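Trainee: below is the structure, and that's it, no one-letter string:
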């Protein structure tokens, strides 16, 4: 299944800092319906994420009843995506 949306790049400054984009609530609901069939544990959902012309394999993280997309440094650098930018994200949920 493929989903596309726009979202703002934000930074979590935890012990292992990451940059993310939040999946909108309506698309999170669709993903949640598939979750039991695709999760590999802890609610993680394997996906391919496309940002601009670049894509990589990753996993959605569950957060506050929805999902967030981690953006690897290599992906952000390839597409010049920085903190606060609004980006177009395409997810391919591997079912």
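Mentor: Noted; the coordinates are in hand. Bear in mind the structure is a predicted one, so any value in this text is a computation, not a measurement.
Trainee: ok, and what's touching the longest strand seen in the chain?
Mentor: Counting by DSSP state E, the longest strand found in the chain is strand 54-63. For strand 54-63, contacts defined as CB atoms under 8 Å, 6 or more residues apart in numbering pick out 20, 22-23, 31, 40, 42-49, 67-70, 72, 74-75, 78-79, 90-91. To be clear about C-beta, it is placed using only N, CA and C from the backbone, and glycine gets the same treatment.
Trainee: please apply the same query to stretch 85-95.
Mentor: So stretch 85-95 is in contact with 1-9, 21, 23, 31, 34, 37-38, 45-52, 55, 60, 69, 79, 81, going by CB under 8 Å, 6+ apart.
Trainee: please state the offset of stretch 36-46 from the chain centre?
Mentor: Between the centre of stretch 36-46 and the centre of its chain there are 14 Å (CA atoms, centre = their mean, to the nearest Å).
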